[in-house]
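Colleague: Have a look; sequence and predicted model below, questions after that.
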Amino acid sequence: MTLTDIERPRTGPAPHVPAPSWPFSISIVIPAMNEGATIAHVIQGVREQLPDAEIVVVDDASRDNTTDVAEAAGARVIRRPYNIGNGAGVKTGVRAATGDVVVIIDADGQMNPADLPRLLQYIGPYDLVIGERDRSGQQNTLRWLGNTALNRFGTYLVGFEMRDLTSGFRAFRRTVMLEFLHLLPNRFSWSTTSAMAFAKAGYHIRFVPIEMRKRQAGQSTQKLMRNGVRFGLIILRIVTLFNPLRVFFPIFIALELLALAAYFWSIASGDRWLHIPPSTGIFFLGGLIIFLFGLISEQIASLRFKGPEQ
């Protein structure tokens, strides 16, 4: 069995998969901010699919009636006194959840609760099941291109295909997520960080195609310029957290090749064979320092994933 398994994308609406009972208890965590217009509909859809599941809404200091609407719909609401971020809401919800398996779903109504059983059916052989969006499920072309680049970079770092690192619609074993909760940022890159952490630690991951719907009310908090800055920070974060040597080592090789090129260029220009030009020395020492930093970073990164076996 491979570490990750990929389904072929499907077409048409998500089929309803009957799930009268599950061999584990389930908690649904819904981070929300100013989603009073949609949160009741999301909770109702979740309840129709999973009538026995615990529903926890984490209200990140909304300025509307999100808390009141969610409580009226039957959810347990945790309200923050001030805004921290989507990732912090997920961490709060995971800590507060009581289920063996936690499912994260957004409060904006874009994710179809009918896909919940499709994710949960793979929990068992898989520890993390991620809802995979197609291109139509992305907000715009630039966002899709950025996420595609991030997926490919994540694939390079962990060594197998990561299909949708930024999808927040996912189900996972709560005990496993608790191992990595301290690594997750408080903002939107929690989804990328958690997926990479599961992969780095050798847990099993599956990507399941899902249906994404257009936002019916409210506005997205994602901004183009802010996303560009965030994308760069996510890249730096996952490099330093998960596999630094896979980035440092190619830089080391490139600098050593430049050192050799500078040396042979000096020979071709008439210098003596035993003469080492300054550029060669700079490239050689620079590459060596980069390599040593990479080794140290790799050891530090590996320590983050060493702990008592469950």
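Modeller: Cool, the structure landed.
Colleague: now for the longest helix along the chain, which elements pack on it?
Modeller: Counting by DSSP state H, the longest helix found in the chain is helix 278-303. Under the contact definition 3 or more CB pairs under 8 Å, 6 or more residues apart in numbering; DSSP states H and E, helix 278-303 sits against helix 224-242, helix 245-268. No exception for glycine: its C-beta is placed from N, CA and C like everyone else's.
Colleague: Can you add distance to residue 27, mean neighbour count and mean pLDDT and give those helices back as JSON lines?
Modeller: Formatted as JSON lines, the helices and strands packed on helix 278-303 follow (distance: least, CB to CB, whole Å; neighbours: other CB atoms under 10 Å; pLDDT from 0 to 100):
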{"stretch": "helix 224-242", "distance to residue 27": "26", "mean neighbour count": "15", "mean pLDDT": "68"}
{"stretch": "helix 245-268", "distance to residue 27": "35", "mean neighbour count": "16", "mean pLDDT": "91"}
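Colleague: returning to that earlier point: buried residues, the longest helix of the chain. List them.
Modeller: By neighbour count with 16 or more other CB atoms under 10 Å, helix 278-303 contains the buried residues 280, 283-284, 286-287, 290-291, 294, 297-298, 301.
Colleague: can you tell me which of those lies nearest to residue 51?
Modeller: residue 301 (42.4 Å; CB to CB).
Colleague: Surely that closest one and residue 244 touch.
Modeller: Yes: taking CB atoms under 8 Å as the definition, residue 301 is a contact partner of residue 244 at 5.7 Å.
Colleague: shared neighbours of these two, which are they?
Modeller: Common contacts of residue 301 and residue 244 (CB atoms under 8 Å, 6 or more residues apart in numbering): none found.
Colleague: Low-confidence regions, the stretch 101-250 of the chain specifically.
Modeller: 135-140, 215-232 (pLDDT under 70).
Colleague: Would you map the strands across it?
Modeller: 101-104, 128-132, 170-173, 205-209 (DSSP state E, counting those that start in this stretch).
Colleague: what helices or strands is the last one leaning on?
Modeller: The elements that strand 205-209 packs onto, with contact taken as 3+ CB pairs under 8 Å, 6+ apart, are strand 4-6, strand 128-132, helix 190-200.
Colleague: cool, the first one as well?
Modeller: When contacts are defined as 3+ CB pairs under 8 Å, 6+ apart, strand 101-104 packs onto strand 26-32, helix 86-96, helix 116-120, strand 170-173, helix 174-180.
Colleague: who's in contact with that strand?
Modeller: 22, 24-31, 53, 90, 93-94, 116, 119-120, 123, 168-174, 177.
Colleague: 7 Å instead?
Modeller: Outside strand 101-104, the residues that touch it by CB atoms under 7 Å, 6 or more residues apart in numbering are 24, 26-29, 90, 94, 116, 119-120, 123, 168-174, 177.
Colleague: Are any of those buried, and if so which?
Modeller: Of the contacts of strand 101-104, these count as buried by 16+ other CB under 10 Å: 26-29, 90, 94, 116, 119-120, 123, 168-174, 177.
Colleague: one step back: using TSV, lay out the helices and strands packed on strand 101-104 together with distance to residue 263.
Modeller: Listed next are those as TSV, based on distance: least, CB to CB, whole Å:
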stretch	distance to residue 263
strand 26-32	56
helix 86-96	48
helix 116-120	57
strand 170-173	51
helix 174-180	46
